[in-house]
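# sharing a sequence plus its predicted fold:
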Amino acid sequence: GGSALLLRAMQTQPPDVDGVQGATYAQRAIQAAGGGVRGRGGKAIMTLLLLSFCSGGESARPERGRDGVAEAVAASSYSRSSIFDGLPADVLPQVERMMDNRLSSSSWQKINTALRSWREFAASRGWPTVIETDDPLRGGKLAAWVTSLVALTTLVYASISKYVWGLCTWMTLQHQADPRVAVPEWRTFMAATKVLTFVPAKPHDRWTVENLEKVLVILDPTKFEDIQLAVLLLLLFYTFARSETPLSKTRGGRDCFDPKEDLTWSDVRLRRDRSTQYRQIVEVRFKKVKTDQRMERAEARGDGDWRPVGAVDDPLWDLPTWYVRLLGFYGRKRGDSEPFFIDPSLCPANVTAGEVWMHRDAEPSEAWLYRDALTASYAAQRAAGVPDSELAAFHGLRVEGYNLSKRGNGVAITGAHGGWTSRSGRKRYDRFG
């Protein structure tokens, strides 16, 4: 096409075109595209080149930002290539591992969910699972699949767009090009899909401070499982942590306990010195978080991103008090890489405070799982008289803690404590001292 001729001519950058010194590269390219022919042929090529830079619909309109640049490159003519073309066989396994490892566990869950849906749909149409590079029918196949998702009526646009991302990402992992590339109407089609399926995001349910107090009141300060649950609830409430920070999801596989990511015994410590006015506080070290998977934030450098939780006068709400109670069940210094929260079913029945029962390092497979901790929290809420309509998951503690702190401490300090504002290399709270 005309735009491809222009790009090639600009890249070649001839020193002179038809002996015209001082002509711009665009002028030279136009003459080169016309083959030096004067008259109607050259004018036709010139017109074509000019039209190629005019707005010719949604796919041709330039956009601001990196996404717009990527779309402009994807829409222009080029000789397609892949990192897998010409890749030596002995390097292939390492490249594939690199491509796979860039994706988090949650991303793989989205990919697998989308792939299950696509496999079933493609099989019903007699299509192969893999959409090969430059398949001329790829646009229609994707559009038909998305239309089937819209017909379910249970999926909103946010979910459908994740399905599309997951499937197209999986295709690239099969050494195929993203099937959306060079399908001019795709953005318009997805915009139409959004009109049909978009709903405003539902705010996370709060775990109200009143209901949290009800739970803390009924927890037995002499029982291991109750003390550990109290420590978990207050830690999430005061640090605004997501539940994946202290809890792993499975006993094996990608989501099992990993001391490089999950909360270990060495990631929680007591501190009492002049800076705390000799009051006992708890500090919690954050490692990988959802918004910083590679720990590139300034606070994570050195000894780590420690978030302090101060003492309060009421022992019911005092995290240091509950933490010291938890220490009473361990008759030794726990290993630095042990899971901080361990499966309470390992604790023998009728063990009381101060009675040591854990005499060895806990294995990664003995970490307290998210699903088990959530079940325990629901049971505690019901036992405290919280109605089912008000039962809240762990993220509700993050929401409530943030909202209360924002009202009491202001947005700046609250954002710094929760890790939402990190624009300089200074330590957290330095600008609030």
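That came through fine.

# assumed residue 307 was part of a strand.
Yes. Assessed by DSSP: H, G, I helix; E, B strand; the rest coil, residue 307 belongs to a strand.

# does it have beta-bridge partners, and which?
Residues in a beta bridge with residue 307, per DSSP bridges, are residue 284.

# mind pulling the model confidence for it?
At residue 307, the pLDDT value in this model is 86.

# report the contact partners of it.
239, 283-286, 417, 419, 428 (C-beta atoms under 8 Å, 6 or more residues apart in numbering). Placement of C-beta: from N, CA and C, glycine included.

# what do you get for residue 178?
Applying C-beta under 8 Å, 6+ apart, the residues near residue 178 are 168, 171-172.

# again, 10 Å this time
74, 131, 133, 138, 165, 167-169, 171-172 (C-beta atoms under 10 Å, 6 or more residues apart in numbering).

# before we move on, what about residue 333?
Residue 333 sits next to residue 265 when contact means C-beta under 10 Å, 6+ apart.

# look up phi and psi at it.
Per-residue torsions, residue 333: phi -80, psi 120 (degrees, to the nearest 10).

# ok so, going back, which of the contacts of residue 307 lies closest to residue 351?
residue 284 (25.7 Å; C-beta to C-beta).

# I figured that closest one was touching residue 320, is that so?
No. Using C-beta atoms under 10 Å, residue 284 is not in contact with residue 320, being 11.8 Å away.

# quick one: common contacting residues for the two?
residue 309.

# start and end of stretch 318-338, how far apart?
24 Å (C-alpha to C-alpha, to the nearest Å).

# quick one: buried residues of that stretch?
With burial defined by 16 or more other C-beta atoms under 10 Å, the residues of stretch 318-338 counted as buried are 318-323, 325-326, 329, 334, 337-338.

# could you identify the buried members of the contacts of residue 178?
By neighbour count, with 16+ other C-beta under 10 Å, the contacts of residue 178 hold 131, 133, 138, 165, 167-169, 171-172 as buried.

# so which of the residues you listed are in helices?
In helices, judged by DSSP state H, the following of the buried ones among the contacts of residue 178 are found: 138, 165, 167-169, 171-172.

# all strands of the chain, in order?
268-271, 281-286, 305-309 (DSSP state E).

# what are the pairing partners of the first one, and which direction each?
Strand 268-271 has the following sheet partners, assigned by DSSP bridges: strand 281-286 (antiparallel).

# mind checking the pLDDT average for the partner strand?
Throughout strand 281-286, pLDDT has a mean value of 90.

# check stretch 218-237 too.
In this model, stretch 218-237 has an average pLDDT of 94.

# enumerate the positions of that stretch that are buried.
Those would be 219, 223-237, for stretch 218-237 by 16+ other C-beta under 10 Å.

# low-confidence stretches in this structure?
1-78, 201-204, 288-303, 331, 353-357, 359, 420-433 (pLDDT under 70).

# now do the buried residues in the lengthiest helix in it.
If you go by DSSP H, the chain has its longest helix at helix 105-125. By neighbour count with 16+ other C-beta under 10 Å, helix 105-125 contains the buried residues 108-111, 114-115, 117-118, 121-122.

# sorry, back to before: right, and the pair among the contacts of residue 178 with maximum separation?
133 and 165, at 18.3 Å, using C-beta to C-beta across the contacts of residue 178.

# ok, the spatially closest residue to residue 383 that is not a sequence neighbour to residue 381 distance?
Excluding the flanking residues, the one nearest residue 383 by C-beta to C-beta, 6 or more residues apart in numbering is residue 218, at 5.8 Å. The gap separating residue 218 from residue 381 is 10 Å, by C-beta to C-beta, to the nearest Å.

# repeat that for residue 340.
With the distance defined as C-beta to C-beta, residue 340 ends up 23 Å from residue 381.

# just the helices in the stretch 201-350 of the chain please.
209-218, 224-239, 319-327 (DSSP state H, counting those that start in this stretch).

# quick one: contacts of the first one?
Think helix 209-218. Counting by C-beta under 10 Å, 6+ apart, residues outside helix 209-218 touching it are 206-208, 226, 229-230, 233-234, 237, 314-317, 322, 377, 380-387, 390-392, 396-397, 400-401, 403-404.

# can you redo the buried ones among the contacts of residue 178 as JSON lines with distance to residue 344?
Supplementary listing: the buried ones among the contacts of residue 178 in JSON lines, determined by distance: C-beta to C-beta, whole Å:
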{"residue": "131", "distance to residue 344": "48"}
{"residue": "133", "distance to residue 344": "52"}
{"residue": "138", "distance to residue 344": "51"}
{"residue": "165", "distance to residue 344": "38"}
{"residue": "167", "distance to residue 344": "40"}
{"residue": "168", "distance to residue 344": "43"}
{"residue": "169", "distance to residue 344": "38"}
{"residue": "171", "distance to residue 344": "44"}
{"residue": "172", "distance to residue 344": "43"}
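
# and the residues you listed, which is closest to residue 99?
Nearest to residue 99 among the buried ones among the contacts of residue 178, with distances taken as C-beta to C-beta, is residue 172, at 7.8 Å.

# return the residues in contact with that closest one.
82-84, 99, 133, 178-179.

# among the residues you listed, which one sits closest to residue 146?
Of these, the one sitting nearest to residue 146 (C-beta to C-beta) turns out to be residue 179, at 11.7 Å.

# quick check: that closest one vs residue 125, distance?
Counting by C-beta to C-beta, the gap from residue 179 to residue 125 is 15 Å.

# quick check: residue 110 vs residue 80, distance?
Taken as C-beta to C-beta, the span from residue 110 to residue 80 is 26 Å.

# nearest spatial neighbour of residue 401, skipping sequence neighbours?
Nearest to residue 401 is residue 237, by C-beta to C-beta, 6+ apart, at 4.6 Å.

# OK, contacts around that neighbour?
If a contact means C-beta under 10 Å, 6+ apart, then residue 237 has 207, 209, 212, 216, 309, 317, 319, 394, 396-398, 400-402, 404-405 as its contacts.

# before we move on, back to that, tell me the one of the buried residues of stretch 218-237 nearest residue 358?
Looking across those and measuring by C-beta to C-beta, the closest to residue 358 is residue 224, at 9.1 Å.

# how about the contacts made by the closest residue to residue 145 other than its chain neighbours?
Spatial nearest neighbour of residue 145, excluding adjacent residues (C-beta to C-beta, 6+ apart): residue 121 at 5.2 Å. Residue 121 sits next to 127, 141, 144-149 when contact means C-beta under 10 Å, 6+ apart.

# which of those residues tops the neighbour count?
residue 146 (23 neighbours; other C-beta atoms under 10 Å).

# run a quick neighbour tally on the closest residue to it other than its chain neighbours.
In this structure, residue 146 finds its nearest non-sequential neighbour in residue 193, 6.0 Å apart by C-beta to C-beta, 6+ apart. Using other C-beta under 10 Å, residue 193 has 19 neighbouring residues.
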